[in-house]
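A.B. asks: Output the structure for:
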Amino acid sequence: MPKSGNVMSMPNLWDNIPKRSFLPRNISSKLPFSTSKLAKLKQIFHSGENSTMEKIMALTLGQCQGTTIPSETKRCVV
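C.D. replies: Model prediction:
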């Protein structure tokens, strides 16, 4: 249990990820980000059938396109 007067070091809480996009907009805007076009995305990213990459893409797109919960704002920006 912490005691008064003791010091606890804290890790760096700042996000070290750069503010730029993962993909430049001129490239990402051409990708078919939609669950209905998952086959095309798999082809672009060379993802095999039932691969981990396919599962991650399907899960991410499903979450992005899914319905929102009350008071949630969701934007799937490309």
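A.B. asks: State the distance from residue 41 to residue 59.
C.D. replies: 13 Å (Cβ to Cβ, to the nearest Å). Every residue, glycine included, has its C-beta placed from N, CA and C.
A.B. asks: For the two, indicate the residue with more neighbours.
C.D. replies: residue 41 (19 against 10; other Cβ atoms under 10 Å).
A.B. asks: mind checking how far residue 66 is from residue 72?
C.D. replies: On the measure of Cβ to Cβ, residue 66 and residue 72 end up 10 Å apart.
A.B. asks: More neighbours: which of the two?
C.D. replies: The neighbour comparison of residue 66 against residue 72 (other Cβ under 10 Å) goes to residue 66, with 11 against 7.
A.B. asks: Read off the pLDDT value for the more buried one.
C.D. replies: For residue 66, the pLDDT comes out at 83.
A.B. asks: ok, so what distance separates it from residue 40?
C.D. replies: 20 Å.
A.B. asks: Same check on residue 16?
C.D. replies: Counting by Cβ to Cβ - residue 16 and residue 40 are separated by 33 Å.
A.B. asks: Which stretches in the chain count as helices?
C.D. replies: In the chain, the segments counted as helices under DSSP state H are 25-28, 38-44, 52-65.
A.B. asks: Present these as a markdown table; the columns should include distance to residue 10.
C.D. replies: Formatted as a markdown table, the helices of the chain follow (distance: least, Cβ to Cβ, whole Å):
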| stretch | distance to residue 10 |
| --- | --- |
| helix 25-28 | 35 |
| helix 38-44 | 40 |
| helix 52-65 | 31 |
